[in-house]
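**Q** Please work out how this folds:
(chains A and B)
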Amino acid sequence: MSSPMNVTRSRRWVVSRSAALTGALAISAAPGSLKSAFSNAATQQGGGALTVGTVGDFLNLDPYVMSFVNYPHMETAYDQLMRLDHEVKPHPYLAESWSWSEDSLELTLKLRTDVTFHSGQPMTADVVVKNFDRIAVQETGGNLYSFLPRFKSVEAPDDATVILALDEPSAALEQVLGLVSIVDPDGFETLSSEAAGTGPFSLQEWVPGDHATFVRNEAYWDSSRPLVDEVTYRFYVDQASLVAALEGGLLDAIIDVPGIDNDRLSASYELFTGQEASRFYYLILNTTMAPFDNKQVRQALGYAMDRATMVSNVLFDIGEPIVSPFPEFSPAYNPEHEDLYPYDLDHASQMLTDAGFPDGIEFTIIVPNGFPQLAQFAQILQADLDSIGSKVSIEPMDNAQWYPHLYDGTYQATLSFAGGSQMYPTMIAGSSAFAPADNPVWENGTPPSAYVDAMQEANTSLDPEVQKDALQRMSSAFLDEAWAHPIAFKFTIFGHTHEVSGLDYGVYDQIRVDTATKQ
Amino acid sequence: MSGYFLRRCSQFIPTLFLVSLVVFGLVRAMPGNAADVLLGPQGSAEQAEALSRELGLDRPIWVQYGIWVNDIVHGNLGQSWINGFPVSSLITRNLGATAQLALVAMLLAIILAFPIGIAGALWPNRIAGRLAAAYTVLAIGIPSFWLGILLVLLMSLRLGWLPPSGYVSYTEDFVQWMRVITLPAITLAVYVSAVIARFIRAAVTDVLGNDYVRTARAKGLASETVLVRHVLRNALLPIVTMIGLQTGGLLGGAVVVESIFAWPGIGRLLISSIQTRDYAVVQAIILLAATLFLVINLLTDLIYGALDPRIKSM
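**A** Here you go, the predicted model:
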């Protein structure tokens, strides 16, 4: 079994290596004729075909639909306005520079002028405006709709300039632009099955349920990338088949090595950990339903959660127990928060008694079958609560059946996962349970004002000190009200053969194959 | 005959209509929809509602049914609600892959089943017969998912003889196709071979007791001749029926094996489409299966009518 130490060491190694890669990318993305040492090496090592295995097929080829099964194509077929490094700092990409107006209400993007789509059409400012228009519509904006602020206007004064005008400053905007892929407007209507990006690879074929093959974009704006001629993603139903395919020699790399296989595979393959805090698991308690309308009951559950056992038994230590959803590098992180809810069943029992439940509580947790870890977390919590006289029923259901419950708040408790806490901290509001408005687990959709006001202040200030203060208050309010209890960060482990090098990942663990080589 | 034919055909159309209603109703009764799946855990009620509108899911259910039936009547199975591919092309490709697997598996099963079944019938109390009986018990008892994983571990990971999964079209690379289809076909064939072998044993045992077999032996015919000409020929009819039934079962029941070996078959397509609430694909596959069933029933009725004129007058 892998120890957290191994994982941490691996992550540090990857971060340092990737920082070098990102530096090289930033150089190659900069204007002028700068050539990195990396790109020189690339010209000597290029070519070949890379086959990468992943569990689950693409839903579609729309980069705004940020389901994790869509991650592999997001930075393969598409480029983003900015590229985020592993510290989530934006670097020039399709936008080669940007600047804020003095009142922080306008962001001006200067675009590269040498970028074309796979269709041959040039990427211009008008095209970028059309993309923002598409994101601003609920029906077509996918997950980006909830990430981006509502702009006052988006204009293109010339072919290489886009001005984003806001009603109020947006602290998260630069980072979010690192997620905005630019799509060829001619392809808007066919994005379900055809990619229409400017990325390093263009789609050759997608056979649903089997594989998708991308070939090198010969007209790519960065001549030093990509390094391989072809990338094929093969889709598997489960992790056991995925690992067997790697070991059987069918794959060069796999995304998300199962925790149970981590140690065994590390003897024969190279493994590295993806983005820190790219995803966290959490328990949601619906405050509009008894017994969770009682704050003390909600807090008691925080003490009843054996996060260490959950990480050890369910994630095989490929994760990190957490109380607050924010990683150490986040401005919302406060080390004192991690001590708030230690595992203490006696204390949890006493709190339930104090809250008026001396005989314990009874409730139902709904869990989706498609994410088996969630049911396993629920079982551990069920056993612990049972030992102090509380009864938990676990109701498993199909994912598609679970989503409407999640959106509408028609449950007492559920388990889920989210990304966003690795980004600017208010981006966790992209998940409805953390939203400051239309929140399904709060009466009238509004969480307590201490949380909402702090989030609003953090969102609209560009002063780091003000931001930090507001974010810490937001985090404190969230933990005090205890309507959601984070459980663990889940690390994504990538594995590849010794012949492959240069694989990288984005902030949501989107695989980056443009820097990969294969001997 | 023509009156009977018309009567049966006229029953076929309303039955198909009822089937389409049931298929549509059952599929739409499933909680959740494609919009929810596209948004995932990070979606919201408001956005799910907007996307449902975009997909036309907010229209009255009878309107949606009417559109679907109208498309079907015009030979259009529609497009996937999730990935936009034409449903007909998805079904054609996946059905083809499943058919290849089912046919190779059945061929292997027949090759295994005949010697085992015959040995069981001819020498029930000798070692060969007991081994045959043990094989059938084991083969029926072993779950296919377990056998599949064992075969992958042994043949692919330990010995490195065959690829653990994948699919290649036989038109692209026949040798590689043979390699990739071998393990899933064996996994499927083991169970089916045991079922058929049991049937062969029973059928052959029945025939062996008949007077004409005894007569053939008394005439001094060689045992092989008696077996092939007199025993198997007479036992074959129910065996062929069973093989047909099992082939049908393989076409629809290979879901687990398709998953283990990443074989892009129709079962996997159906399951993933149900999971993603891809109504167009689910409805088309179920309607197709139901239609095939109805057509086979109709043909059977017509053949019965031809064979037994009394049926036509009923």
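**Q** Next, the residue in the stretch 51-200 of chain B that chain A sits nearest to: phi, psi?
**A** The nearest approach of the stretch 51-200 of chain B to chain A comes at B:Gly84, 2.8 Å away (Cβ to the nearest Cβ). The way it works is simple: take the backbone N, C-alpha and C, and place the C-beta from them, glycine included. When read as degrees, to the nearest 10, the backbone of B:Gly84 gives phi 70, psi 0.
**Q** go on, A:Ala49?
**A** phi -120, psi 140.
**Q** how many neighbours does it have?
**A** Using other Cβ atoms under 10 Å in any protein chain shown, A:Ala49 has 13 other residues around it.
**Q** ok, now A:Leu301?
**A** 25.
**Q** A:Leu462 too?
**A** By other Cβ under 10 Å, neighbour count at A:Leu462 equals 12.
**Q** Wasn't it part of a helix?
**A** No: A:Leu462 is assigned coil when assessed by DSSP: H, G, I helix; E, B strand; the rest coil, not a helix.
**Q** quick one: pLDDT of it?
**A** Looking at A:Leu462, its pLDDT reads 90.
**Q** show me the contacts for it.
**A** By Cβ atoms under 8 Å, 6 or more residues apart in numbering or on different chains, the residues touching A:Leu462 are A:Trp100, A:Ser104, A:Pro169, A:Ala171.
**Q** Please report the distance of B:Arg233 from A:Val392.
**A** 65 Å (Cβ to Cβ, to the nearest Å).
**Q** before we move on, back to that, not including adjacent chain positions, what is the nearest residue to the residue of the stretch 51-200 of chain B closest to chain A?
**A** Nearest residue to B:Gly84 in three dimensions, chain neighbours excluded: A:Ser192, at 2.8 Å (Cβ to Cβ, 6 or more residues apart in numbering or on different chains).
**Q** so A:Ala244 makes contact with B:Leu151?
**A** No: judged on Cβ atoms under 8 Å, A:Ala244 makes no contact with B:Leu151 at a distance of 10.5 Å.
**Q** Just want to know which of these two has more residues nearby.
**A** The residue with more neighbours, out of A:Ala244 and B:Leu151, is A:Ala244; 25 against 20, by other Cβ under 10 Å.
**Q** measure that one to chain B for me?
**A** Per Cβ to the nearest Cβ, to the nearest Å, A:Ala244 is found 4 Å from chain B.
**Q** Buried only: go through the contacts of A:Leu462 for me.
**A** A:Ser104, A:Pro169, A:Ala171 (16 or more other Cβ atoms under 10 Å in any protein chain shown).
**Q** which one among the residues you listed gets closest to chain B?
**A** A:Ala171 (19.8 Å).
**Q** So that closest one lies in a helix, does it not?
**A** No: counting by three-state DSSP, A:Ala171 falls outside a helix, being coil.
**Q** out of everything not next to it in sequence, what's closest to A:Pro447?
**A** According to Cβ to Cβ, 6+ apart, the nearest residue to A:Pro447 is A:Asn439 (5.4 Å).
**Q** What parts of the stretch 201-350 of chain A come near chain B?
**A** A:206-210, A:234-238, A:240-241, A:244-245, A:247-250 (Cβ under 8 Å from any Cβ of the partner chain).
**Q** should've said the stretch 51-200 of chain A
**A** Close to chain B, as judged by Cβ under 8 Å from any Cβ, the stretch 51-200 of chain A has residues A:57-61, A:65-68, A:138-140, A:142-143, A:145-146, A:190, A:192-193.
**Q** Contacts only, for A:Ile380.
**A** Taking Cβ under 8 Å, 6+ apart, one finds A:Asp306, A:Thr309, A:Met310, A:Asn313, A:Val314 in contact with A:Ile380.
**Q** Mind giving me the ChimeraX command for buried ones among these?
**A** Selecting only the buried entries of the contacts of A:Ile380 in ChimeraX, with 16+ other Cβ under 10 Å as the criterion:
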select /A:306,310,314
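**Q** Pipe the contacts of A:Ile380 into a markdown table and attach pLDDT per row.
**A** What follows is the contacts of A:Ile380, written out as a markdown table (pLDDT from 0 to 100):
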| residue | pLDDT |
| --- | --- |
| A:Asp306 | 97 |
| A:Thr309 | 97 |
| A:Met310 | 97 |
| A:Asn313 | 96 |
| A:Val314 | 95 |
